[in-house]
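> how would this look folded up:
(chains A and B)
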Amino acid sequence: MARKLTKNTKSVPMSILAIAVALAVIFPIVWLVCSSFKQTNELFRYPLHMFSANPTVEHYASVMEGGFMGYVYNSFFLAIVGTLITLVISSMCGYALAVYRHEIKYTNLVFGIFLLGTLIPGETLTVPQVWVIGEFGLYNNIWGVILPVVTTTTGIFLFRQQYMQLPLSFVEAARIDGCPEAKTFIYVMAPLASSTFVTLAIFSFMWRWNDYILPLLVLSDQKNYTIQIAIKNFIGNTGVDWSSILSASVISMIPVTIIFVILQRYIIGGVSAGGVKG
Amino acid sequence: MGKSTTVGSRRLKIAFWGFVAPSVILFTIFFLVPLVLSIAFSFTDFDGWKTMNFIGLKNYINLFKDNNFWGALGRTFVYTLFSLPFKVIIPLLIAALLCSDRVVGKGFARTLVYIPVLLSSLVVGITINWMFSAEYGLVNYLITSLGGTRLEWALNPYLATFVISFASNWASTGFYMIIFIGGIKSISNDLYEAASIDGCTSTQTFLKITIPMLAPTTFLAVLLATVNLLKEYALVQGITQGGPGIKTVFIIQYIFDRGFNSMQYGYASAISFIVMIIFALIAYAQFKFSNGGGDN
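Prediction:
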């Protein structure tokens, strides 16, 4: 980036304002994290302090003893397996919709049907969706929260866009050489879309890690809970189990934050290019 | 058509349908079938289990007379209208600030502002709720330290709605900020140079160049924000669960309450259908607009 480094154009008040805004936005998370290391009696006693006088990991230990790592495992399973399936099927579909647009009449029709997925929010279809999941025998099964969500219009859209920009001559050359269509995709065309794979992988992982509605309705057996459902269960009818929910929430933030810090540019690129929901 | 082209195009047809089959099949089972079922269920008294009788338009007639439905829908609209300006204007201002050449540490500041976007809606709700908890929350502590009386954030419907709106805006600021930064970066530098030659102040430049040139981006942000506010659900579960009473039950939660708690799948489907039409109209406007923008 060609940044102008002329010193006299920098403004100290504006820089201070910028950093103050950023710190204000991040503050609730810092407060939550600091609180999670306080002793229980410190949590519920005035005056409040930012940092604990005697930091403790007891809330983390008790949450772990309650079988939390099992829920973390289920969430990783959902996020990783769901993301792998999403990558495979969206890349295939987006590729076909772009590359066969001259040979096959129905590409626009098929793409138009997928766009229904962006016109109608999933929340309004949850009731019959859960019934369908039950009919397939996937109720209370981790696959019951994976298979319904792996087809994302966003993913198909991203790959279609990507392959629309690549010249068709690659595919034609492979055809002349007698290369089967599937091989052309796997060995020639898929590697050319590697940045789309990375972008969608990051978003898909975050979506699945944070999935809430479907797991809540479909996973009834405690051993199948994902991390979000386990957190929700700390909110009881009589009140919130604050000492557990703070540390559980902090644990749930760790993977997505690590991914973000490492792969930021793909996330920012995805959001600004297509308004991909973060 | 010659024989060889028929064979060739048949080969391509098989390849095409093979490539799209997994997505098409899963999309059909878990999206198109529920879409059709949702409409079909809405004409029945289906309880999600055994009973299913055709009852014509009865669900829709009941819906029309259901005060709780109108209450939830009305609350959702009021909540959306009040939250919308903040959801769009605050990120716009932050984006303008974090695009300025005069600010040091822009990248770092953007990173921090984006981090809440990564959290699940439930955890967003919990994080903000922890600050606003009535007894030992930080906000009430600060209010009482300054000599005020503590506020019952969870018991007063207006305060509870405010906390939900605050949480929602907080969590989405980074997302809309990035969208606005994209918009600002696409504004030609010539305009800013011309403005500085003419001696415009920063405020004048912002009001006369940045804001008008950002109109398409702002329109997109308004539409996205509207849809996201109308379907607020998981966040509320981390804060009020709809309380006090049903004062923060928004329309999606009302659908779920009717469907899964009262086992009125038919009735819930009728509500879904009405809500779906509202969303589809908004999304259609968005789709029309973004295609008209000349991306493709």
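
> show residues contacting the helix or strand hosting A:Ala182.
Using DSSP states H and E, A:Ala182 maps to helix A:181-183. Helix A:181-183 has contacts (C-beta atoms under 8 Å, 6 or more residues apart in numbering or on different chains) with A:Ala174, A:Arg175, B:Arg11, B:Leu12, B:Ala15, B:Gly18, B:Phe19. (C-beta placed from N, C-alpha, C; glycine too.)

> now it: average pLDDT?
Averaging pLDDT along helix A:181-183 yields 92.

> flag every buried residue along it.
A:Glu181 (16 or more other C-beta atoms under 10 Å in any protein chain shown).

> repeat for stretch B:195-210
B:Ala195, B:Cys200, B:Thr205, B:Phe206, B:Ile209, B:Thr210.

> ends of it, how far apart?
Using C-alpha to C-alpha, to the nearest Å, one end of stretch B:195-210 lies 11 Å from the other.

> for stretch A:226-239, same thing?
Terminal residues of stretch A:226-239 are spaced 21 Å apart (C-alpha to C-alpha).

> stretch B:23-36: end-to-end distance?
With C-alpha to C-alpha applied, stretch B:23-36 spans 18 Å between its terminal residues.

> check which residues of that stretch are buried.
By 16+ other C-beta under 10 Å, the buried positions in stretch B:23-36 come out as B:Ser23, B:Val24, B:Leu26, B:Phe27, B:Ile29, B:Phe30, B:Phe31, B:Val33, B:Pro34, B:Leu35.

> give me the subset of those residues touching chain A.
By C-beta under 8 Å from any C-beta of the partner chain, the members of those lying near chain A are B:Ser23, B:Val24, B:Leu26, B:Phe27, B:Ile29, B:Phe30, B:Phe31, B:Val33, B:Pro34, B:Leu35.

> in CSV, list those along with pLDDT and secondary structure.
Formatted as CSV, these follow (pLDDT from 0 to 100; DSSP: H, G, I helix; E, B strand; the rest coil):
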residue, pLDDT, secondary structure
B:Ser23, 97, helix
B:Val24, 97, helix
B:Leu26, 97, helix
B:Phe27, 97, helix
B:Ile29, 96, helix
B:Phe30, 95, helix
B:Phe31, 95, helix
B:Val33, 96, helix
B:Pro34, 95, helix
B:Leu35, 94, helix
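
> packing partners for the helix or strand where A:Ala24 lies?
A:Ala24 belongs to helix A:12-36 when assigned by DSSP H and E. Using 3 or more C-beta pairs under 8 Å, 6 or more residues apart in numbering or on different chains; DSSP states H and E, the elements in contact with helix A:12-36 are helix A:242-274, helix B:67-97, helix B:106-114, helix B:121-131, helix B:157-185.

> of the contacts of helix A:181-183, which is the most crowded?
Among the contacts of helix A:181-183, the one with the most neighbours (other C-beta atoms under 10 Å in any protein chain shown) is B:Phe19, at 23 neighbours.

> what is the mean pLDDT for whichever strand or helix holds A:Gln228?
A:Gln228 is part of helix A:227-232, with elements assigned from DSSP H and E. Regarding helix A:227-232, the rounded mean pLDDT is 95.

> measure B:Phe256 to A:Ala248 for me?
Plainly put, B:Phe256 is 23 Å away from A:Ala248 if you go by C-beta to C-beta, to the nearest Å.

> wait, A:Leu48 touches B:Asn140, no?
No: assessed by C-beta atoms under 8 Å, A:Leu48 is found out of contact with B:Asn140, at 9.7 Å.

> thank you kindly, that will do.
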